[in-house]
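Engineer: Here is a sequence together with a model predicted from it:
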Amino acid sequence: MADFVLVSRRTLTEHEYRIFKYHFLLGADWNLCCRKLKMDRGDFFHEVYRIEKKLGRTFRELEPHALFPIDEYFNSTPRSTVAAPTLFKVETEEAPKKAKTMMKFPLKRAA
C-alpha cells in the first residue's frame, strides 16, 4: 500500500493528489468530495477519470515491477525474467464404472 501511495504522490499534481486522497484513499463519495474541494460534479468526474488513466499507466509501466497487475507485483518476478506460460494437463484416475442394473417393477396383467 505504501508503494501505491508514494507512486501516486510522485505522479500527480497537488490538486490531483487531493482528489485522489479524498476519493480513493479516504473513500469519500463524489458529493462530499465536491463540497470539500469546491468543484462541480462534472469537473470532479473528469478529474477522477484523468487520474485513473494517469495512474493506471504509471502503475503498469513501473520498473522493475509493475504495481498492476497485482499478481505480478506480489509474486515479485521481474518482467524480463518471466517465462512463457506452459500448458500442462492434470491426469486423474477414473472412478471405476458401476454396472448398470435394471430396476424391475411388478406389472399387473390385464384380465
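Structural biologist: Yep, that arrived.
Engineer: And the lengthiest helix in the chain, what does it pack against?
Structural biologist: The longest helix of the chain (DSSP state H) is helix 41-61. Packing contacts for helix 41-61, counted by 3 or more Cβ pairs under 8 Å, 6 or more residues apart in numbering; DSSP states H and E, involve helix 2-11, helix 14-20, helix 30-37. Glycine gets a C-beta too; all of them are placed from N, C-alpha and C.
Engineer: What residues sit buried inside that helix?
Structural biologist: Buried residues in helix 41-61, counted by 16 or more other Cβ atoms under 10 Å: F44, E47, V48, I51, K54, L55, T58, F59.
Engineer: Rounded mean pLDDT for it, please.
Structural biologist: In this model, helix 41-61 has a mean pLDDT of 90.
Engineer: and that helix, how far from the chain's centre?
Structural biologist: The chain centre lies 16 Å from the centre of helix 41-61; the measure is Cα atoms, centre = their mean, to the nearest Å.
Engineer: For it, C-alpha coordinates in CSV please.
Structural biologist: C-alpha atoms of helix 41-61 as CSV (Å, rounded to 0.1, in the frame of the first residue of the first chain):
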residue,chain,number,x,y,z
ARG,A,41,-19.9,17.1,-10.3
GLY,A,42,-18.8,17.1,-13.9
ASP,A,43,-15.4,18.6,-13.3
PHE,A,44,-14.9,16.2,-10.4
PHE,A,45,-15.6,13.1,-12.5
HIS,A,46,-13.4,14.4,-15.4
GLU,A,47,-10.6,14.8,-13.0
VAL,A,48,-11.1,11.3,-11.5
TYR,A,49,-11.0,9.7,-15.0
ARG,A,50,-7.8,11.6,-15.8
ILE,A,51,-6.3,10.5,-12.5
GLU,A,52,-7.3,6.9,-13.2
LYS,A,53,-5.8,7.0,-16.6
LYS,A,54,-2.5,8.7,-15.5
LEU,A,55,-2.0,6.3,-12.5
GLY,A,56,-3.0,3.2,-14.4
ARG,A,57,-0.3,3.9,-17.0
THR,A,58,2.2,4.7,-14.3
PHE,A,59,1.4,1.6,-12.3
ARG,A,60,1.7,-0.6,-15.4
GLU,A,61,4.9,0.8,-16.7
